[in-house]
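Trainee: here you go, sequence then predicted model.
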Amino acid sequence: MYTLVWDKHGFDVRREETGLADPGEGGAPELSGMNRPGQCSVSYAQWSQFMRTGHHDVTGLNRALRESWSRCRKQDVDPGPRKCWNFLPMESLEPAAGRLRSLARDVENDVYAAIRDRNLLMTLTTAEGYVVRTSGDPDTLKLADKLNFGPGALWAEGSVGTNAIGTALVTGKPTQVFGREHYCESHHSWSCSAAAIFDPLGNIVGCFDISGPSEGDHALALTLVLDAVRVLEKRLFKQHCAELEHRSGSLVAAAFNSVLTGMISIDCRGFISDANIAAETLLGVPGAALQGQPADRFFDYGAFLACHRDGQAAAIPMPCRVSHELLARATPMYSLNGTWVGTVVAVMEPQRAPRRDRTVSPRLAGSLKHEAGETEQRQGLGCILGQSPAIARAIGLALKAARTPSTVLLTGESGTGKELFARGIHAESGRSDGPFVAVNCGAIAPELIQSELFGYTGGSFTGADRKGRPGKFELADTGTLFLDEIGEMPLAMQVNLLRVLEDRKVMRVGGGRAIPVDVKIIAATNKDLEQEAAQGRFRPDLLYRLNVVRIHIPPLRERGSDIETLARAHAERLAREFGLPFQGIEEAALARLRAHHWPGNVRELINAIEHALNAMEGPLLRVGDLAQHLRTSAAAPRTSGKLRSGSLRYQEADIIREVLERHAGNMSRTAKELGIGRNTLYAKMRRLGITEGS
C-alpha cells in the first residue's frame, strides 16, 4: 500500500508495508456483486448554467447534492479549476489525527486488499474535513497529488465545494458524488464515496472515503466505505464502554477507600469479596486475609439474613464478633430486576464528642499514619520517628524546602515513607491551608494521564463529561501536587509536564485557553532517574527541572538505632489497638530486628511486629514470636571461649559476624548496615574478640 506524505517541499508517494501479497503474486482480489459504477447525473451544460445563474433544471441530481451546490454558491466557493490551498500542519491536528490513524490502521489494510489495482484510493479525515491519511495505489495517488488531496488539506464544502467527504460531514449521511456532480470543475474527472464516523454519543469524529478517477472501478466503493465505518464505530463503542468501566471502577474504588468508615462487600454466598483500608484496620485483619472469608466469622451474619428474608431492605444493625465496641450495619444490594446480588457492611466505632482539632479515632489514625514510623500526636514532619543522623538530615532539609516554593524531588526505596515526607512538607509550608493532591503516575493508563493531570473540555474525546473536568494541577491550585512514582510516567507525556513546570500554566485536553496554576510540586521515585535518563527512558530536561531540592530518604537498614525505636513504638501502638497486654520487647528479639536487612523498610518492619504480636503467648515479645526468616537470619552460633552462649555480648558478636560474612569482610558496608561508624565497628570487634576474617 502507498500513501501521500508531506516532505516540507510538497507531497511524495511512499510505500507502506501492509503484510499483503504484491500484485504480481496472485493479483488483487475480485470484487463480487452485481452493482454497477455510479453514473454522473449532470451534463456540463447544466453544471455551467448553474454556475452562471444559480438556477438549474437537473432533475436527476438528488436533493442532497442540489442543497450542497446552493451552500457552496452562498459561500462563494470558486467553481473554476483549482487545487486545495487550505492546509494545516499535521501537528496541529493531534491528538485527534493520531487516534484516527490508530483506530483505522488494519481497516485500511483490509479495504486496500479490495481496491488494489482498481485505480482507487482511500482517505481518512477529521470531523472538520482535514485529511489525516490518503493511501492506495501509487498511480492514483500521483493524480491526487495534483489536487493537493493529501494530509493536512481541508476537504470541507467551504474549501473545495461539493464532494463526498464535505457533504457527508454536513449531512451526516453516506454520500456519493460522480464526475460533474462535484461543484468545482477540477474534480469533474473524479468520483467519490464517503460516510461520516460517529461516536457512541452521536458526535461525528471523522470521515472515511474511497475516491478515484471516474473510469476506475467504483462498483462496491460505497459498500466498502459503509463496512469500514461500521467496524470503526464498533471499536469506538468498545472504547467508550472500556472508558466508562474504568472511570466507574476508579470512582467506586476511590470512594470505597477514601472514607474513614469501614466498608465490606459480601457476595450472595456470604463470603467477603472486598474491604477498604478502614475495615481492615478496625477488624485488625489485613485485606488479603479478609477476602474469601465467611462473613459469619466476623459478624452475626445470620441476624442480617433473618431480617433480609423478612423483606427488610434498609440498613440492618448486625453484632460484630471481633469487638463488641464496633458498630456494623448491613445493607442489601439489588440488581435492576430486583434480584439480591450481595451486601455492603459499614463498620464503625461509636461516635464520640467532636473535638476542635478534628482528630480521627486512634485506631484509624494509626492505620493512616503508621507506614513511615510516625505518631498521631505530632504534626507535619514532626510525626516522623527516629533520631539517626540519616533521617535527621532528611527531615532538616525537608523543613527548609517547606519554606520556599521550590520543586522537591524525594528519592528512596519503596516503603521508606516518601508520601509521608511530601505531606509533612505541605503541612509545614505556607500552603498548609490549601489542598494536597497526590497522583500515582504509574497507576494511570498512558492514554488517560494527560486528561487526569491537565483536565479536559466537554466532548474533547469519547466518553468525556459534557461539562469538562479540571485536572490534578487545577485541583491542587494554591496547594501542593505530589507526583508519586514520577519515573513511571510515559516518555511521551513528560514533555507536556515539562512545559507546565516551566510556564505554570495548563491547557486542558481539547481546550484553547491556558489556565495559570499556583502549585508547589513534590515528585517522588524509587528509581535512579540519572540512569533512566542515560538509557532514554526519562527526559534529562525534566530531570533538571525536578531536581531542584533533592531529599534522599534513607532505607531502614541505614537508620541504626531507629529500628529499635520504631519497633517499640509500633508494638505499643498495635498492642493497644488489638487490646493485648504488652510489657515490651526482649533484647534478643531486638537484636534480631537490628540484624535484619529490611528490604521492605518501615512497611516490612510494621508487618513483622504485627505478626509477632499475633504470635505472642505472654505480654513480652520474644525471639520465638518473630517470623521464621527473622529468627533464622543470623549466622550459626560461634563461641570464642570468651563469650557465654546466650549472653547479650555473644548475640552482638554473632550479629556482627553474620553481617561481616554477608559483605565478604567489607568493613564499610558492614558498618553501614549496622548503622554505626567504622571506628565504632572496629572498637566493638576488639572488645568482643572478633578479628577480620573470623
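Mentor: Cool, got the structure. Numbering: from 1, shown residues only.
Trainee: hey, let's count contacts and neighbours off CA atoms from now on
Mentor: Fine.
Trainee: at the geometric centre of this structure, which residue do we find?
Mentor: residue 444 (0.8 Å; CA atoms, centre = their mean).
Trainee: how about it, secondary structure?
Mentor: For residue 444, the assignment made with DSSP: H, G, I helix; E, B strand; the rest coil gives coil.
Trainee: where does the stretch 251-400 of the chain have low pLDDT?
Mentor: Where the stretch 251-400 of the chain drops to pLDDT under 70, the residues are 251-260, 286-288, 308-315, 336, 350-379.
Trainee: and for the stretch 451-600 of the chain?
Mentor: The model of the stretch 451-600 of the chain has pLDDT under 70 over residues 459-466.
Trainee: and the strands in it?
Mentor: Along the stretch 451-600 of the chain, the segments classed as strands by DSSP state E, counting those that start in this stretch run 455-456, 469-470, 480-484, 505-507, 514-516, 520-525, 549-552, 584-585.
Trainee: what's the closest of those to residue 263?
Mentor: Set against residue 263 and scored by CA to CA, the strands of the stretch 451-600 of the chain come closest in strand 480-484, at 26.2 Å.
Trainee: got the angle for that closest one vs strand 520-525?
Mentor: 10 degrees (axes from the mean of the first three to the mean of the last three CA atoms, to 10 degrees).
Trainee: how far out from the middle of the chain is strand 480-484?
Mentor: Distance, stretch centre to chain centre, for strand 480-484: 14 Å (CA atoms, centre = their mean, to the nearest Å).
Trainee: give me the sheet partners of that strand and which way each runs.
Mentor: Applying DSSP bridges to the sheet, strand 480-484 is found paired with strand 436-440 (parallel), strand 520-525 (parallel).
Trainee: may I have it exported as CSV, CA atoms only?
Mentor: What follows is strand 480-484 as a C-alpha-only set of coordinates in CSV (Å, rounded to 0.1, in the frame of the first residue of the first chain):
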residue,chain,number,x,y,z
THR,A,480,0.8,21.0,46.8
LEU,A,481,0.8,18.5,44.0
PHE,A,482,2.5,15.2,44.8
LEU,A,483,3.7,13.3,41.7
ASP,A,484,4.5,9.8,43.1
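Trainee: give the buried residues for it.
Mentor: For strand 480-484, burial by neighbour count (16 or more other CA atoms under 10 Å) applies to 480, 481, 482, 483, 484.
Trainee: so which of the strands of the stretch 451-600 of the chain comes closest to residue 112?
Mentor: Of all the strands of the stretch 451-600 of the chain, strand 455-456 sits nearest to residue 112, with 35.7 Å by CA to CA.
Trainee: contact partners of the closest one?
Mentor: 464, 468, 469, 470, 471, 472, 474, 507, 508, 509, 510, 511 (CA atoms under 8 Å, 6 or more residues apart in numbering).
Trainee: and of those residues, the nearest to residue 245?
Mentor: So of these, ranked by how close each gets to residue 245 (CA to CA), first place is residue 464, at 12.9 Å.
Trainee: picking that back up, now render the strands paired with strand 480-484 as a markdown table, adding distance to residue 586.
Mentor: As requested, the strands paired with strand 480-484 are exported to a markdown table (distance: least, CA to CA, whole Å):
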| stretch | distance to residue 586 |
| --- | --- |
| strand 436-440 | 39 |
| strand 520-525 | 36 |
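Trainee: may I see those organised as a markdown table, with distance to residue 214 and mean neighbour count added?
Mentor: Below are those laid out as a markdown table (distance: least, CA to CA, whole Å; neighbours: other CA atoms under 10 Å):
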| stretch | distance to residue 214 | mean neighbour count |
| --- | --- | --- |
| strand 436-440 | 56 | 18 |
| strand 520-525 | 60 | 24 |
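Trainee: could I get the strands of the stretch 451-600 of the chain as JSON lines with distance to residue 419?
Mentor: As requested, those are exported to JSON lines (distance: least, CA to CA, whole Å):
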{"stretch": "strand 455-456", "distance to residue 419": "23"}
{"stretch": "strand 469-470", "distance to residue 419": "23"}
{"stretch": "strand 480-484", "distance to residue 419": "8"}
{"stretch": "strand 505-507", "distance to residue 419": "24"}
{"stretch": "strand 514-516", "distance to residue 419": "26"}
{"stretch": "strand 520-525", "distance to residue 419": "8"}
{"stretch": "strand 549-552", "distance to residue 419": "12"}
{"stretch": "strand 584-585", "distance to residue 419": "29"}
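Trainee: over to residue 409: give its phi and psi.
Mentor: Backbone torsions of residue 409, given as degrees, to the nearest 10, read phi -120, psi 110.
Trainee: tell me the confidence at it?
Mentor: Listed pLDDT for residue 409 reads 95.
Trainee: that one and residue 520 touch, don't they?
Mentor: No. At 11.4 Å, residue 409 does not count as touching residue 520 under the criterion of CA atoms under 8 Å.
Trainee: shouldn't residue 317 be in contact with residue 331?
Mentor: No. Using CA under 8 Å as the test, residue 317 is too far from residue 331 to be in contact (9.1 Å).
Trainee: which helices and strands does the host helix or strand of residue 274 pack with?
Mentor: Per DSSP states H and E, residue 274 falls inside strand 272-275. The contact analysis (3 or more CA pairs under 8 Å, 6 or more residues apart in numbering; DSSP states H and E) places strand 272-275 against strand 262-266, helix 287-290.
Trainee: format these as a markdown table; extra columns: mean neighbour count and distance to residue 148.
Mentor: Shown next, in a markdown table, are the helices and strands packed on strand 272-275 (neighbours: other CA atoms under 10 Å; distance: least, CA to CA, whole Å):
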| stretch | mean neighbour count | distance to residue 148 |
| --- | --- | --- |
| strand 262-266 | 23 | 61 |
| helix 287-290 | 15 | 62 |
